[in-house]
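[1] sequence first, then the predicted structure:
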Amino acid sequence: MNPDWLIPQWSAPPHVKAVFTSRGIAQTGFASKSGKNGHSGASQPPFDAFNLGDHVGDDLNHVMANRHMLQVLLGVKPVYLRQVHGTEVVTLSPKTLHGTVADACITSEKKLACTIMVADCLPVLFTDLEGNFVSAAHAGWRGLADGVLRQNISSINTLAGVNSAYAAIKIIAWLGPCIGPAAFEVGAEVKAAFAASLPLSETMFKPIGDPLSGKWLADLAGLARLQLKQLGLADDQIFGNDSSAEWCTVNNPLRFFSHRRDAVKLGSSGRMAGCIWIE
């Protein structure tokens, strides 16, 4: 696979596979972080090169070529949702259509990849220590504040309740790249959205200048970690993005798309994908 793609380092069993794509390696211009020419993708600037979003203004032929390449490389079928920053969770089957409206998905089917597209929002992948299911959630600040992770874990527990294979279920989660705490400028309404429902959320906001200005830097991955702990996950059940600089989509332009960074200057931005499946 592309040497810039991320393979989660976590305690998932061997038959559960996951990957997070990068922006790819453009044929001209951008160079791989590793210096190797991997699977670069078909899209042209400003979507260069491995854009998987079909809703951002890219040539759809290029998007379909990239999606086909991803399916071939994974050896399974990714299912692409129409994400609306909501809390809807869909259970995937081989008949689930691309474009189904939801911001999280879950399946116990083999060779069917739960897939979330992002370009600053946080992708969260889930499984359990037995690998009975896989799941993925799209957590921008609005979906996170409204409870998309809560709804997703509720769906996981519902699935476990009707499946006797889920003995002593222990959920684990992997947080992928997202806009980092040095780049995510927000208004007071974002801070307020978390204040009532998420204890200690104020620790994830730093004022920009005068605290009375209502401008803050927010730690999106940190807010997700807090919420996952509130939902019952321990530190040793949460992996991936620790809010350090290497995970920031905005400040790593050679590796990641960023809507906030690119849309103002270039008019749009591509989308990366987090995929998780059972072999």
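    Yep, it's here.

[2] what sits against the residue nearest the centre of the chain?
    Nearest residue to the geometric centre of the chain (C-alpha atoms, centre = their mean): Pro123, 1.5 Å. Contact analysis of Pro123 by C-beta atoms under 8 Å, 6 or more residues apart in numbering lists Phe20, Ile116, Ala136, Ala137, His138, Ala139, Leu175, Gly176, Pro177, Cys178, Ala273, Gly274. All C-beta atoms are positioned from the backbone trio N, CA, C, and that covers glycine.

[3] repeat for Ser269
    Shown in contact with Ser269 (C-beta under 8 Å, 6+ apart): Pro46, Phe47, Val56, Ala119, Phe257, Ser258, His259, Arg261, Asp262, Ala263.

[4] list the ones among these that fall in helices.
    The helices, defined by DSSP state H, take in His259, Arg261, Asp262, Ala263 from the contacts of Ser269.

[5] what ranges do the strands span in the stretch 1-150 of the chain?
    16-20, 77-82, 89-91, 100-101, 104-107, 112-118, 122-128, 134-139 (DSSP state E, counting those that start in this stretch).

[6] and the pLDDT for the residue nearest to the centre of the chain?
    According to the predicted model, the pLDDT of Pro123 comes to 98.

[7] partners of it in the sheet?
    His138 (DSSP bridges).

[8] again with Trp277
    Counting by DSSP bridges, the residues bridging with Trp277 are Lys17.

[9] cool, and Gly240?
    According to DSSP bridges, beta-bridge pairing links Gly240 with Leu175.

[10] ok, it - how many residues close by?
    Using other C-beta atoms under 10 Å, Gly240 has 23 other residues around it.

[11] next one: Asp120
    Residues lying near Asp120 (other C-beta under 10 Å) number 25.

[12] residues contacting the residue nearest to Ser201 when sequence neighbours are not counted?
    Distances taken as C-beta to C-beta, 6 or more residues apart in numbering put Phe194 closest to Ser201, at 3.9 Å, once the chain neighbours are dropped. Taking C-beta under 8 Å, 6+ apart as the criterion, Phe194 is in contact with Leu144, Ala145, Ser201, Met204, Leu223.

[13] in CSV: the residues you listed, plus neighbour count.
    Shown next, in CSV, are the contacts of Phe194 (neighbours: other C-beta atoms under 10 Å):
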residue, neighbour count
Leu144, 26
Ala145, 22
Ser201, 22
Met204, 23
Leu223, 28
